[in-house]
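Peer 1: Sequence and predicted structure are below.
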Amino acid sequence: MKPETTIEGAIERIVYANQENGWSVVRLLVRGRGEVTAVGNLLSVQPGESLRLTGRWIKDRKFGKQFKADSYMTVKPETFIGIEKYLASGLVPGIGKELARRLVQHFGLDTLDVIDRQPDRMTEVEGFGRVRVKRIKAAWKEQREIRDVMVFLQSYGVSTAFAIKIYKLYRGEAIAVVRENPFRLAREIRGIGFQSADRIARALGIDADSPQRAAAGIIHTLRQAADKGNVYVSRPQLMVETSELLEVDGEVIAPALDGLISEGELTAVAMDGTLAEPPNAPQAAIFLKALEVAERGVATLFRALTAQQMLSLEIDIGRAIQWFEDSQSTPNGPRLELATQQRRALQQAISHKIMVLTGGPGTGKTTLVKGIVSILTMKGLRVQLAAPTGRAAKRLSEATGIEAKTVHRLLEFNPQLRGFSRDADNPLTTDLLIIDEASMMDITLTYNLLKAVPQKSRLILVGDIDQLPSIGPGRVLADLIDSSAIEVVRLDEIFRQALDSLIITNAHRVRIGVMPTLRPPDDEGDFFFFERDEPEAILATVKRLIGQRIPRSFGFDPTREIQVLTPMQRGLLGAANLNAELQTLLNPDGDGITRSGQLLRTGDRVMQVRNNYDLEVFNGDIGQIHSFDTENEVARITFDDREVNYDFLELDELTLAYACSIHKSQGSEYPCVVIPLHTQHFTLLQRNLIYTALTRGRRLVIIVGSRRALEIAVESQPSTQRSTLLTERLRA
């Protein structure tokens, strides 16, 4: 094996970065060698940073000579270019690319020493007034304070970006916190996972079988289960999975688990939904405390709402329905006549305090909701409408003519209190609350919503039970239906005008396990299938369709109206690669910056990937990059008609959205949807996944891929089972 060596250079650009494991390919400008390609786990390094890499030179068959880094650390740059890029990289707020160039031109290699020791001299350079210099001095002082923290953390493999986040949370206590309990990083710092925290812990000398590590592993296992939709994990399963994760015996896990339960961080529940007695009962369901409180609270609040009397109304249902039909009919147009099933559903909605309304596309859910709103508004009831996502709320507003909000905005999240302003002590002022796309509601959001529903208010949950379940833990809508504790109306009659759409008829065919009708590309209609068997051919066809054929034939704007929906994140046909390919195709020239290994350009379509309550932007919201302010480290993103300012450190919450996973598309509709399908997606090819994808397309749906992959998906009846006890609690 070749001996280890060390190289040092400034990052010119990032070629590739995998956010899951940190594996990156970067171009370094190394003195005496020119531009060098380096590979390794270089999570979140940025262009402009100077790195000292330790590793070996290798020769890759495809890419030639490369430096494979085993470890790295950020160092002070010592070249004109390195200093300029360092100052412009975002590490020093107030200095952008142009101002960094001016400073280096004026002070040369002494630039960093001038900023450090004689910062007032910066006023010698055009653009540096007293206010800016004062701001830079404060920022530089903070940089100096965190230098020790940075060196300490980077010695354990923590990147610059995460080191800054750690310092901002813990300030001067950062080193002490990490030394005492590095596992806090996984809990409290976005983006730092358990594996990274565990690696730091092992480097610090924390034993593999320490109680601290066992407790952290248990919490991580439960959180991983929650990410998969489960509200709890059975005690035996939790023991096995944590033991495998940590590679230790169950004898180490059991006392740590009992300790977490006794401390109140976890809750043990019997399988009938009651608290487990004793807490270490072998078959207990183990919950993260917050999830147990939420699930128990949802059951309690639903029962309490059902037990309360609603506002009494004197309504002649027949006359009310006739009035609604008359109000929706135009003199020269066709008369609206509700079907028998719709009339019955409308009567049940008006006569019941709580109701679930479910059904697929084309079954009249929207018309029914409009009828309920119209009739009860006419009777003087205060009505409020909401949906989990901004796009779903916007559609609900357009359908009913009444403002609809996202659930988060309805409940008035307070960033200072880190909670919702609307709750049991400050309930919503409404007599009827309708929640659309309720299948997306996870257990925690449902709990917060129910706390704010007035005791005498009516509540109607509208959703398609055959779609994918919520991204967050729980299967609230399905559990409500299964419990038989609440009135449920299922619409299953497809209306004649809806049958004219092959999108809708094919969606219903898929829903019942029948292959969709596949029309060839040269046919007419709103649903097409391009058969391609190789992933490379699928990718090439998707690019050609979006770049040329769809805009030319249908007039859709490829950056705003066409959405690629894919089953997976990774691989050639995964969302990550599709976004890179489509960005190059559709937006190759915008001003751009790289953050967390991702190139973002002005004009790019982007998606928020986690809830940011401070910015009031939520998981799944789609926006467009308006501009970058590199001097003040601010990106301006437009969401619908609202402009939101992102600090550059928050840009890791955004991902390109030319393509997204089908899961992330829930609650949204797009004029045109393109779906690449291949058997490499095998583990995710399920009926409800394809059904959800088809129902996202409003005017045009195109599947590009192998017939076999589509057959697998249609034939695969998904397991909707998630580990929840809500049904049992509701029946109790």
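Peer 2: Sure thing, it's come through. Numbers count the residues shown, from 1 in each chain.

Peer 1: From now on I want contacts and neighbour counts done on CA atoms only, so please keep to that.
Peer 2: Will do.

Peer 1: Now find how far off-centre stretch 38-56 is within its chain.
Peer 2: Centroid displacement of stretch 38-56 relative to its chain, using CA atoms, centre = their mean, to the nearest Å, is 28 Å.

Peer 1: and if you look at stretch 121-141?
Peer 2: 38 Å.

Peer 1: So residue 286 belongs to a strand, correct?
Peer 2: Yes. According to DSSP: H, G, I helix; E, B strand; the rest coil, the state of residue 286 is that of a strand.

Peer 1: Spatially, what comes nearest to it if we skip its sequence neighbours?
Peer 2: Excluding the flanking residues, the one nearest residue 286 by CA to CA, 6 or more residues apart in numbering is residue 268, at 4.7 Å.

Peer 1: Packing partners of the strand or helix carrying that neighbour?
Peer 2: With elements taken from DSSP states H and E, the one containing residue 268 is strand 266-269. Applying 3 or more CA pairs under 8 Å, 6 or more residues apart in numbering; DSSP states H and E, one finds that strand 266-269 makes contact with helix 250-262, strand 285-288, helix 289-307.

Peer 1: what's the angle from the last one to helix 250-262?
Peer 2: Spelled out, it's helix 289-307. 50 degrees (axes from the mean of the first three to the mean of the last three CA atoms, to 10 degrees).

Peer 1: Give the buried residues for helix 289-307.
Peer 2: 289, 291-292, 294-303, 305-306 (16 or more other CA atoms under 10 Å).

Peer 1: ok, back up a step: contact partners for the residue nearest to residue 286?
Peer 2: 261, 275-276, 279-280, 284-287 (CA atoms under 8 Å, 6 or more residues apart in numbering).

Peer 1: Please repeat the previous calculation with a cut-off of 6 Å.
Peer 2: 276, 279, 284-286 (CA atoms under 6 Å, 6 or more residues apart in numbering).

Peer 1: So which of the residues you listed is the closest to residue 517?
Peer 2: Within those, proximity to residue 517 (CA to CA) peaks at residue 285, which comes in at 44.5 Å.

Peer 1: ok, and the closest non-adjacent residue to the closest one?
Peer 2: residue 234 (4.4 Å).

Peer 1: ok, the one you found to residue 723 distance?
Peer 2: Counting by CA to CA, to the nearest Å, the gap from residue 234 to residue 723 is 9 Å.

Peer 1: Equivalent analysis for residue 503, please.
Peer 2: Residue 503 is 33 Å from residue 723, where distance means CA to CA.

Peer 1: element containing the residue lying closest to residue 253 once chain neighbours are set aside, please.
Peer 2: Spatially, and ignoring its direct neighbours in sequence, residue 253 is nearest to residue 214 (5.7 Å; CA to CA, 6+ apart). Using DSSP H and E, the element containing residue 214 is helix 211-227.

Peer 1: got it, and residue 494?
Peer 2: Counting by DSSP H and E, residue 494 is part of no helix or strand.

Peer 1: In this structure it contacts residue 365, no?
Peer 2: No. Checked against CA atoms under 6 Å, the pair residue 494 and residue 365 is beyond contact range at 10.6 Å.

Peer 1: So which of those two has more stuff around it?
Peer 2: residue 365 (22 against 17; other CA atoms under 10 Å).

Peer 1: Check the spacing between that one and residue 128 real quick.
Peer 2: 60 Å.

Peer 1: Now find how far off-centre the helix or strand harbouring residue 606 is within its chain.
Peer 2: Taking DSSP H and E as the criterion, residue 606 maps to strand 605-608. In terms of CA atoms, centre = their mean, the centre of strand 605-608 is found 10 Å from the chain centre.

Peer 1: partners of it, with directions?
Peer 2: Each strand paired with strand 605-608, and its direction, by DSSP bridges: strand 622-629 (antiparallel), strand 654-656 (antiparallel).

Peer 1: Now the longest one: buried residues?
Peer 2: Of the residues in strand 622-629, those scored as buried under the neighbour-count criterion (16+ other CA under 10 Å) are 622-628.

Peer 1: go on, stretch 513-528?
Peer 2: Buried residues in stretch 513-528 (16+ other CA under 10 Å): 513, 515-519, 526-528.

Peer 1: Work out the gap between stretch 111-131 and the centre of the chain.
Peer 2: In terms of CA atoms, centre = their mean, the centre of stretch 111-131 is found 41 Å from the chain centre.

Peer 1: typed the wrong thing, it's stretch 531-542
Peer 2: In terms of CA atoms, centre = their mean, the centre of stretch 531-542 is found 27 Å from the chain centre.

Peer 1: what comes into contact with that stretch?
Peer 2: Where contact means CA under 6 Å, 6+ apart, the residues beyond stretch 531-542 that reach it are 704-706.

Peer 1: want to throw the residues you listed into TSV with secondary structure, pLDDT and distance to residue 573?
Peer 2: Listed next are those as TSV, based on DSSP: H, G, I helix; E, B strand; the rest coil; pLDDT from 0 to 100; distance: CA to CA, whole Å:
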residue	secondary structure	pLDDT	distance to residue 573
704	strand	95	11
705	strand	93	10
706	coil	92	13
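
Peer 1: quick revisit: out of the buried residues of strand 622-629, flag the one nearest to residue 717.
Peer 2: residue 622 (30.5 Å).

Peer 1: Please report how far that closest one lies from residue 656.
Peer 2: Distance of residue 622 to residue 656, given as CA to CA: 9 Å.

Peer 1: Common neighbours of these two, please.
Peer 2: Both residue 622 and residue 656 are contacted by residue 606, under the criterion CA under 6 Å, 6+ apart.

Peer 1: Who wins on neighbours among the contacts of residue 268?
Peer 2: Neighbour max across the contacts of residue 268 (other CA under 10 Å) = residue 285, 29 neighbours.
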